[in-house]
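Undergrad: Quick one: sequence plus predicted model below, questions after.
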Amino acid sequence: MNYLRLLVLVLCINSTFDSYSQTYFPPRGNWEVRRPQSLGLNAQKLNEAVKYAEENEYSGSKDSRVASLIGFRREPFHEVLGPMRERGGPAGVIIKDGYIVAQWGDVNRVDMTHSVTKSYLSTIAGLALDKELVRNVKDKVADYVWDGTFNGAHNGKIDWHMLLNQSSAWSGELFGLKDWADRPPRSGGIDDWRFKKPVEPGTVMEYNDVRVNVLAYSLLQVWRKPLPQILKQHIMDPIGASTTWRWFGYDHAWVNVDGVKMQSVTGGGHSGGGVFISALDHARFGLLFLNDGNWNGNQLISKEWVNAVQVSSEPMASYGYMWWLNRGPRKWRDVEDESIYYAAGFGGNYIVIDKKNDLVLVTRWLEPNKIGPMMKLVLGAVN
């Protein structure tokens, strides 16, 4: 019986190795380009998808400060608190079996990526689970972060699971930003928003950058190291990312950790900061998730975590652990496959993972309501 179990284990390992060995993993500083036809894709239809991306550029200002101040003008105290950068034009890359089959624009340009940052932040949480720095996503965050951030009957109910799926309803102020002032309701005014009773934690998904930044702050307390260093060491360096990407917080968001000043980074560029990165580095990150957290035989983040981010949260079927899912109320009308998932950011920044067809799509500065039709065109090229 023991020999039989050993044989099954060896066969499983070999099967896993074979599946990853069929994928091309680009070395640092180089990425092989292949003709679409050589990988079973229709080149003409793929060109149509590229043309569509080029012709449907995000309509907002190229000045990120202007775009942010206009885009979030309903917020009563919104201001730019961290680094921002004027954006480039449409850019992107399509990866099939690990190879580049199409690209457009300046794929090496470092741009803000706004809320795509949240999917990188989620990865930091996954690494913490893998390394047992956090024992379970259902643990109360107050058991790890006991400085008052999660004090009280309301905030004391919050667990990591709620922070990750944006249903925490955390109530308070972080780095001078109040939770209720972020993306307020379309009706009412300051007094209505300020004195509104918070919903029960875990019951409603609310896209809220202050609460996302509470997650980043909490993970900093757990890791006790700057989160960009964690991402670099455990993910970006092993996948051969460039040295050009950066992850910023607000200019004043510095905290004392073990007597050392560290910046608590943001989960997006709403008020500045977040991940600044190229399309090609995004593609490497996407390729890692396409292959279940494995990079050329090295399991950088557990397959269990990659699966976990794709599970619909209780209050929102379209949202997992800071990745959007092609199902529920936010499902793309033009794309049937509900196993597709993606990172999304303000201004039309996307990393799309299509496991079924072994595809990764990265597109920058696409008009947001065009991502469904864009993906439909890409899928139309699959023979």
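TA: Looks like it arrived, so ask away.
Undergrad: G297 and P238, how far apart?
TA: The gap separating G297 from P238 is 11 Å, by C-beta to C-beta, to the nearest Å. Every residue, glycine included, has its C-beta placed from N, CA and C.
Undergrad: who has more neighbours, those two?
TA: Ranked by neighbour count (other C-beta atoms under 10 Å), G297 and P238 place P238 first, with 16 against 10.
Undergrad: tell me the contacts of the more buried one?
TA: For P238, the contacting residues are 295, 298, 300, by C-beta atoms under 8 Å, 6 or more residues apart in numbering.
Undergrad: run the last query once more with 10 Å
TA: 28, 232, 284, 288, 295-296, 298, 300 (C-beta atoms under 10 Å, 6 or more residues apart in numbering).
Undergrad: Name the nearest of those residues relative to D130.
TA: Using C-beta to C-beta, L300 is the member of the contacts of P238 that lies nearest D130, at 9.3 Å.
Undergrad: quick one: the closest one and G293 touch, right?
TA: Yes: using C-beta atoms under 10 Å, L300 is in contact with G293, at 5.8 Å.
Undergrad: helix, strand or coil for R284?
TA: Using DSSP: H, G, I helix; E, B strand; the rest coil, the secondary structure recorded for R284 is helix.
Undergrad: rewinding a little: give me the buried entries from the contacts of P238.
TA: 232, 284, 288, 295-296, 300 (16 or more other C-beta atoms under 10 Å).
Undergrad: Do you know the pLDDT at the closest residue in space to S313 that isn't next to it in sequence?
TA: Closest residue in space to S313, ignoring its immediate chain neighbours: N165 at 3.6 Å, by C-beta to C-beta, 6 or more residues apart in numbering. pLDDT recorded at N165 is 98.
Undergrad: again with the one 3 residues further on
TA: Taken from the predicted model, the pLDDT recorded for S168 is 98.
Undergrad: Quick check: nearest residue in space to it, chain neighbours excluded?
TA: Using C-beta to C-beta, 6+ apart and skipping residues adjacent in sequence, the residue nearest S168 is M162, 4.0 Å away.
Undergrad: element containing the one you found, please.
TA: Element membership of M162 [criterion: DSSP states H and E] is helix 160-164.
Undergrad: The helix or strand following that helix packs against which elements?
TA: For helix 160-164, the succeeding helix or strand toward the C-terminus, using DSSP H and E, is strand 173-174. Helices and strands touching strand 173-174, as assessed by 3 or more C-beta pairs under 10 Å, 6 or more residues apart in numbering; DSSP states H and E, comprise helix 209-223.
Undergrad: starting at the chain centroid, how far to the following helix or strand past the helix it packs on?
TA: Sequence-wise, the next helix or strand downstream of helix 209-223 (DSSP H and E) is helix 227-231. Relative to its parent chain, helix 227-231 has a centroid offset of 14 Å by C-alpha atoms, centre = their mean, to the nearest Å.
Undergrad: ditto for stretch 56-65
TA: On C-alpha atoms, centre = their mean, the centre of stretch 56-65 falls 20 Å from the chain's centre.
Undergrad: what is the mean pLDDT for it?
TA: Mean per-residue pLDDT for stretch 56-65: 94.
Undergrad: just stretch 284-293 next, same as before
TA: For stretch 284-293, mean pLDDT is 98.
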